[in-house]
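sequence and predicted model, in that order:
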Amino acid sequence: MTTFFKVVDQVLGFVESWLLFLATMGALIALFFNVILRYGFNYSLAWSEELVREVIILTTLIGCSAAIKARSFVKIDAMIQFFGRLKTPLTLFSNFVTLIFSGMMIYYGIKMVRLQAATGQATIIMEIPLQYIYAILPLMGAMMLLRTLQMIHQDILDLRSKGYV
């Protein structure tokens, strides 16, 4: 099982880092040329703003998966600071809630993709079929699910090494 999670970590880490890099660089280049054209030649690229909006959606959802790995997902840890013994149960509860959220992203994301495929809608300027944009939801839900399972596995290994399990 540990080998599986090591492979998952390597694959997801590669996908996360390269997707974040390529998407951000593509958006920055498009915005850079748009600024040059707008202020230098009085011409504006309409599609660059739409591209940036789609990249923001993508990078936000990829960032959720990366945040789970870095254990920097937004949490309220006041109870942990007051009651140190509750750290393990609250961490497990937090991971359980994240698993539920990931499952909902996968389930409802697939429903949204099917709906967009049935209606055939596309973005206004670049005419990207919206089913591709909405396909990000179940994919990122699956990445978050795998990352959360990886963190649960790591927490269990840490508890075993400390002699609690």
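Everything's here; your move.

ok, now which ones touch the residue of the chain most remote from its centre?
For the chain, the residue at maximal distance from the C-alpha centroid (CA atoms, centre = their mean) is Phe41, at 37.4 Å. Contact criterion CB atoms under 8 Å, 6 or more residues apart in numbering gives no residues in contact with Phe41. Quick note: C-beta positions are derived from backbone N, CA and C, even for glycine.

what's the spacing between it and Asn34?
For Phe41, the distance to Asn34 equals 11 Å [CB to CB, to the nearest Å].

give me the pLDDT value at Thr88.
In this model, Thr88 is scored at 80, pLDDT.

ditto for Pro138
96.

quickly find the element holding Arg38.
In this assignment (DSSP states H and E), Arg38 forms part of helix 2-41.

okay, now Ala66: neighbour count?
Look at Ala66: counted by other CB atoms under 10 Å, it has 19 neighbours.

buried ones in the helix holding Arg38, by neighbour count?
For helix 2-41, burial by neighbour count (16 or more other CB atoms under 10 Å) applies to Phe5, Val8, Leu12, Glu16, Leu20, Ala23, Ala27, Ala30, Leu31, Asn34.

how about TSV for those, with distance to Ile124 and pLDDT added?
Formatted as TSV, the buried residues of helix 2-41 follow (distance: CB to CB, whole Å; pLDDT from 0 to 100):
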residue	distance to Ile124	pLDDT
Phe5	42	84
Val8	37	86
Leu12	33	87
Glu16	29	89
Leu20	26	91
Ala23	20	92
Ala27	18	92
Ala30	16	91
Leu31	18	90
Asn34	17	90
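
for those, which one is nearest Tyr132?
Closest approach to Tyr132 among those (CB to CB): Ala23, at 13.7 Å.

so that closest one versus Asn34, what's the distance?
Distance from Ala23 to Asn34, by CB to CB: 16 Å.
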